[in-house]
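>>> Quick check, what structure comes out for this input:
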Amino acid sequence: MAKRVFLIVLDSFGIGAEPDAAAFGDEGTNTLGAIARHPAFDCPNMGRLGLFNIDGVTAGSPAAAPIGAYARLQEQSMGKDTTIGHWEIAGVVSPQPLPTFPEGFPPELIAAFEARTGYKVLCNKPYSGTEVLKDYGEQAMAENALIVYTSADSVFQVAANEALVPVPELYRICEIAREMLTGPYGVGRVIARPFVGDCAANFQRTSNRHDLSLKPPRATMLDLLRAAGKDVIAVGKIYDIFDGQGVTETIKTTGNTNGIAFTQALQTRDFEGLAFVNLVDFDMLYGHRRDVAGYAAAATEFDRFLTGFLPGMREDDVLMITADHGCDPSYLKTTDHTREYVPWLVCGKHIRPGSLGTRLSFATIAQTVCAYLGVDASSLDGQSAWEELKA
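From the prediction side, this is the model:
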């Protein structure tokens, strides 16, 4: 029977501050700890897999006999953003952080961007994605201008009202930005942020967001699997994060519920290789907006999905659940990502349950996936845990 790996990234589902969190301004953060105390949180399936048995996790009640293998992974890359988090999951560690612009982008860069796109730029500073619409949305509509903003992450975000700047036009504008943002300006992602509404009271971002990422600096797990003839099915924003490199099939989603449904459907399909899933709402809708209740409810929704998914796993299926960074919804010092350990839960009919301890590098995942699928991963970072996992 074909070997299949379902690798699901709960975007920003951190499990406690890493040793160097203070250097990132994130001392004491704990995404799981924050949501597990909320009454909307109910995750018995992840508990059975070993979530509450992981090193350092004090939330929840440890399972007496976990059915999965479990570990705490420490990020080796110098960052806490989506791009390098996923690159590291895929086997490429980033020793240098991607550039950030806490004072906004240089005036000469913005001027060149305005000249190439033909649009005036407003804002150009770090901002909350919802607050920036309240403060600049009406002016942008009155002047047919673009709202450009950033955050503590390595991002260049462009917001425009769909009624004035159609979505394809906004995507074209962002492609121009991606061409321009290289070298010292090479941010991890250029993000198109379309919104609707006619005044500050009702502006709302739409699901037409589109990320244009830097290409990974070298071949990742995705490239190696594809070259070996394996399927690499990208669900959610995985295609965008890797700029399509190594992907054999793309499934776009509108959020967690949609992404979960597509993943459930994939379970009934025949393929051989990797289904790489990102569930973005944890981060985008709840983490950054510091919505503990919403984050807890999203975790519960995902756990309910596992109720049907786990019994439906085939003989040679492996399920892996992890995250790319933290975004503690109870941490009010900032609204940015938080530097946290991430969980790694692994299960399957040929997986030995139990603790894998604490591992340096998310790249442990790439090495283990490749080892299971029989693909040479010697060019990737990290160390495989497959010999410890196989029953």
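>>> which stretches of the stretch 1-150 of the chain aren't confidently modelled?
Within the stretch 1-150 of the chain, no stretch has pLDDT under 70.
>>> C123 pairs with what?
Beta bridges link C123 to V148 when assigned by DSSP bridges.
>>> Where is the longest helix in the chain?
Longest helix of the chain, by residue count under DSSP state H: helix 292-309.
>>> What average pLDDT does that one get?
Mean pLDDT, helix 292-309: 98.
>>> leaving aside the residues next to it on the chain, what's closest to the spatially most central residue of the chain?
A centroid search over the chain (Cα atoms, centre = their mean) returns D11, at 3.9 Å, as the residue closest to the centre. Leaving out its chain neighbours, the residue that sits closest to D11 by Cβ to Cβ, 6 or more residues apart in numbering is D283, at 4.1 Å. Every C-beta, even on glycine, is put in place using the N, C-alpha and C of the backbone.
>>> The longest helix of the chain: which residues count as buried?
Within helix 292-309, the residues that qualify as buried are 292, 294-303, 305-306, 309, counting by 16 or more other Cβ atoms under 10 Å.
>>> Taking their axis directions, the next helix or strand after it and helix 292-309 sit at what angle?
Note on helix 292-309: by DSSP states H and E, the next helix or strand toward the C-terminus is strand 317-322. If you take axes from the mean of the first three to the mean of the last three Cα atoms, to 10 degrees, strand 317-322 sits at 170 degrees to helix 292-309.
>>> what does strand 317-322 contact?
Residues from elsewhere that reach strand 317-322 (Cβ atoms under 8 Å, 6 or more residues apart in numbering): 3-10, 13, 46, 49, 73, 89, 267, 309-310, 313, 342-351, 362, 365, 368-369, 372.
>>> Stretch 281-294 now?
Contacts of stretch 281-294 (Cβ under 8 Å, 6+ apart): 10-13, 31, 34-35, 38, 40, 82, 128-130, 255-256, 295, 298-299, 326-332, 335-337.
>>> Next step: the residues you listed restricted to helices.
T31, A34, I35, T82, N256, Y295, A298, A299.
>>> Tabulate the residues you listed in TSV, adding columns for distance to S355.
Converted to TSV, the ones in helices among the contacts of stretch 281-294 look like this (distance: Cβ to Cβ, whole Å):
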residue	distance to S355
T31	21
A34	24
I35	23
T82	28
N256	28
Y295	26
A298	26
A299	22
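>>> Which parts of the stretch 51-200 of the chain are helices?
Under the criterion DSSP state H, counting those that start in this stretch, helices of the stretch 51-200 of the chain are mapped to 82-89, 107-117, 131-143, 167-180.
>>> got those as CSV, with distance to L274 and mean neighbour count columns?
What follows is the helices of the stretch 51-200 of the chain, written out as CSV (distance: least, Cβ to Cβ, whole Å; neighbours: other Cβ atoms under 10 Å):
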stretch, distance to L274, mean neighbour count
helix 82-89, 11, 28
helix 107-117, 36, 14
helix 131-143, 36, 17
helix 167-180, 26, 17
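>>> D153 is nearest to which of the ones you listed?
helix 82-89 (7.4 Å; Cβ to Cβ).
>>> The closest one to strand 317-322, inter-axis angle?
Interaxial angle of helix 82-89 relative to strand 317-322 (the same axes, to 10 degrees): 140 degrees.
>>> okay, helix 82-89 in CSV with CA atoms only?
What follows is helix 82-89 as a C-alpha-only set of coordinates in CSV (Å, rounded to 0.1, in the frame of the first residue of the first chain):
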residue,chain,number,x,y,z
THR,A,82,5.8,31.9,9.1
THR,A,83,8.3,31.8,6.2
ILE,A,84,11.4,30.6,8.0
GLY,A,85,9.3,28.4,10.4
HIS,A,86,8.0,26.5,7.4
TRP,A,87,11.3,26.4,5.6
GLU,A,88,12.8,24.9,8.8
ILE,A,89,10.0,22.3,9.0
